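Enquirer: 3D, please:
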Amino acid sequence: MSKERIRVGVIGAGANTTSRHIPGLQAIASVEIVSVANRTPASGQRVAQAFNIPKVAGHWSEIIDDPEIDAVVIGTWPYMHARLSIAALEAGKHVMCEARMARDAAEAHAMLAVAQAHPHLVAQIVPSPFTLRVDKTVQRLLAEGYLGDLLAIEIRAGGQFLDKDAPLHWRNDFDLSGFNTMTMGIWYEALMRWVGEAKAVTAMGKTYVKMRRGDLGLLKAVRIPEHIDVIADMACGAQMHLQVSNVAGLLGAPEAYLFGSQGTLRFCDNKLYGGQRGDKQLAEIDIPAQEQGGWRVEEEFVNAIRGRETITHTSFEDGVKYMEFTEAALRSAAEGRTILLPL
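Expert: Below you'll find the model as predicted:
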């Protein structure tokens, strides 16, 4: 259903929300951000002043319960995503939820079930941005048979040395982040756009600093790996190796390879390279203007509300798939066995 005037409430105004979502939504005609709730009233007031938001909610429930609000942007840490998304959808509000989708697969499935029970509402997860520029070109080349049979996939992301003295970040706090591990889920989501999902996962991970200091200066155990290697049997027939590391100093820029029977594709530094049997080396592949993708998350969200397009980046259905992969990887590392997907 088309709805020209859209009133948005923001719950959790972190870096991505203030740098991307709020400016992006405010740039769209007839979209108003009318209320914000943050971790503290003071931080909410700072965001409201910076972006001319008229109301600061004392509690997130005020935004959920406000009958004048049409849509909710959820920018909190993952531990609140399921609770807030479900509450907003049940209150009749469209939802844009920050990545990662939830803490675990069970929460993600609960979010999807509620979204499916309210099909007239838009439910979007903020997408992995890494490969947006080249996705359509990679998809086309695969469809045209550039690689022949896809045989193996190699993804590596790291480049920094271990920081033993860093305080406990929310991304390393299992209570706040759940099974989400560094950029592992972000890369897997991008890979799914190219080749689909995995059907079996085997992983080994390592946490080198067992305890870090939290906000109050007290030590807390760290359960999230600082280095992980994941081997996956992909439904497309390829074998995938994904390494994500916070200890691989000087590794270089993250990169992804697709190896086929007739060709190779490499993605690195937002560029795509390729070569086929008989070539001496990889060469940069031009990304046609009509295939170049980019960040349009807020535009897609609003267009979906107005009935002009369907959410593709990223649907709750795809969010569930990457949450299952993420949980399977950590379960495999902890239990020393292969985990079959879907969970």
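
Enquirer: Tell me which residue of this structure is furthest from the middle?
Expert: Within the chain, G278 marks the point farthest from the mean C-alpha position, 37.4 Å out by Cα atoms, centre = their mean.

Enquirer: Which helix or which strand is home to that residue?
Expert: G278 belongs to no helix or strand when assigned by DSSP states H and E.

Enquirer: Give me the mean pLDDT for stretch 119-126.
Expert: Averaged across stretch 119-126, pLDDT comes to 98.

Enquirer: for stretch 244-259, same thing?
Expert: Stretch 244-259 shows a mean pLDDT of 98.

Enquirer: Now do it: distance to the chain's middle.
Expert: Centroid separation for stretch 244-259 versus its chain: 18 Å, with Cα atoms, centre = their mean, to the nearest Å.

Enquirer: can you give me the end-to-end distance of it?
Expert: The stretch stretch 244-259 measures 19 Å between its terminal residues, going by Cα to Cα, to the nearest Å.

Enquirer: mind listing what's buried in it?
Expert: Using 16 or more other Cβ atoms under 10 Å as the test for burial, stretch 244-259 gives 244-248, 254, 256-259. The C-beta positions use only the backbone N, C-alpha and C, and glycine is treated the same way.

Enquirer: Okay, strands next: where are they in the stretch 1-150 of the chain?
Expert: In the stretch 1-150 of the chain, the strands defined using DSSP state E, counting those that start in this stretch lie at 6-11, 31-37, 55-56, 71-74, 94-97, 123-125, 150-159.

Enquirer: could I get the helix or strand following the last one in PDB with only the CA atoms?
Expert: Read that as strand 150-159. Downstream of strand 150-159, the first helix or strand assigned by DSSP H and E is helix 174-177. This file holds the C-alpha atoms of helix 174-177, laid out as PDB (Å, rounded to 0.1, in the frame of the first residue of the first chain):
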ATOM      1  CA  PHE A 174      28.400 -13.000  24.200                       C
ATOM      2  CA  ASP A 175      25.600 -11.600  26.300                       C
ATOM      3  CA  LEU A 176      25.300  -8.600  23.900                       C
ATOM      4  CA  SER A 177      26.300 -10.100  20.600                       C
END
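
Enquirer: quick one: the helices in the stretch 201-343 of the chain?
Expert: 297-305, 316-335 (DSSP state H, counting those that start in this stretch).

Enquirer: go on, the stretch 1-150 of the chain?
Expert: So, for the stretch 1-150 of the chain - with DSSP H, counting those that start in this stretch - the helices run 15-16, 22-26, 41-51, 60-65, 81-90, 105-117, 135-144.

Enquirer: contacts for the longest one?
Expert: Outside helix 105-117, the residues that touch it by Cβ atoms under 8 Å, 6 or more residues apart in numbering are 81-82, 85-86, 89-90, 95, 97, 101-102, 121, 123, 178-179, 316-317, 319-320, 323-324, 327, 343.

Enquirer: Please list only the buried members of those residues.
Expert: The buried subset of the contacts of helix 105-117 - by 16+ other Cβ under 10 Å - is 81-82, 85-86, 89, 95, 97, 101-102, 121, 123, 178-179, 316, 319-320, 323-324, 327, 343.

Enquirer: Dig out what L219 forms beta bridges with.
Expert: Note on L219: beta-bridge partners by DSSP bridges are R213.
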